[in-house]
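Chemist: requesting a structural model of the entry that follows:
(one chain, ligands or ions: 1)
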Amino acid sequence: MHSTAASDHPRQPKRLRLPVIVGSLLLGVVVTGGAAKLARMSYVPTGLDYATTRTSDAGLFRATYTPSVMPIPVNKMHSWTLHLETPDGKLVEDAKISVDGDMPQHGHGLPTRPVANVYLGRGDYLVEGLKFQMGGWWVMDFKVTAQGKTDTVHFNMMLEK
Ligand SMILES: [Cu+2]
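Modeler: So this is what the prediction gives:
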């Protein structure tokens, strides 16, 4: 029994080789995959429109946002004012607005549930409870319903830090 163990011993390094090679390959795949994922997460399309005034998808509304804090802060609760007009410049009053936002590269949304329930008059709406938990490319979506019509406007933002 002892002699079997002794004769096996010199062969052990040889048998270890395959697992070591497979392990290295796997590590290589994991590292490469991680780098590719990182590259994808930091990729931002060129030519994005970062304007703070944009027209909604179907062209029904023209919206302008004004943050209460500039530059738009990371990890700090703040509010915006959203101004709504029609394309020909008429104020949009008594609109119902739902707010959403996400980071397209990261597959996550906002950490809070902002609301735009307060009408300030003159086409202005208070957007409360906004917080962005990290810097990078964000897309904000405002779904606006006014006079029985619904349309959504999107804003691209690039936050620092
Ligand atoms: Cu993110």
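Chemist: please parse the protein into its domains.
Modeler: Using automatic domain parsing, the domain parsing of the chain gives 2-42, 53-159.
Chemist: columns mean neighbour count and distance to the ion on top of those, output as CSV?
Modeler: For the C-beta atoms, the positions are set from N, CA and C on the backbone; glycine is no exception. As requested, the domains of the chain are exported to CSV (neighbours: other CB atoms under 10 Å; distance: least, CB to the ion, whole Å):
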stretch, mean neighbour count, distance to the ion
domain 2-42, 9, 8
domain 53-159, 16, 3
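Chemist: end-to-end on stretch 79-92?
Modeler: End-to-end distance for stretch 79-92: 20 Å, by CA to CA, to the nearest Å.
Chemist: mind listing what Pro104 touches?
Modeler: Counting by CB atoms under 8 Å, 6 or more residues apart in numbering, Pro104 makes contact with Trp137, Val139.
Chemist: show me where this protein has helices.
Modeler: Secondary structure of the chain (DSSP state H): helices located at 2-8, 12-42.
Chemist: mean pLDDT lowest for which of those?
Modeler: Least confident of these, judged by mean pLDDT, is helix 2-8 with a mean of 49.
Chemist: spatially speaking, which residue is in the middle of the protein?
Modeler: Geometric centre of the chain, nearest residue: Met103, 0.8 Å, by CA atoms, centre = their mean.
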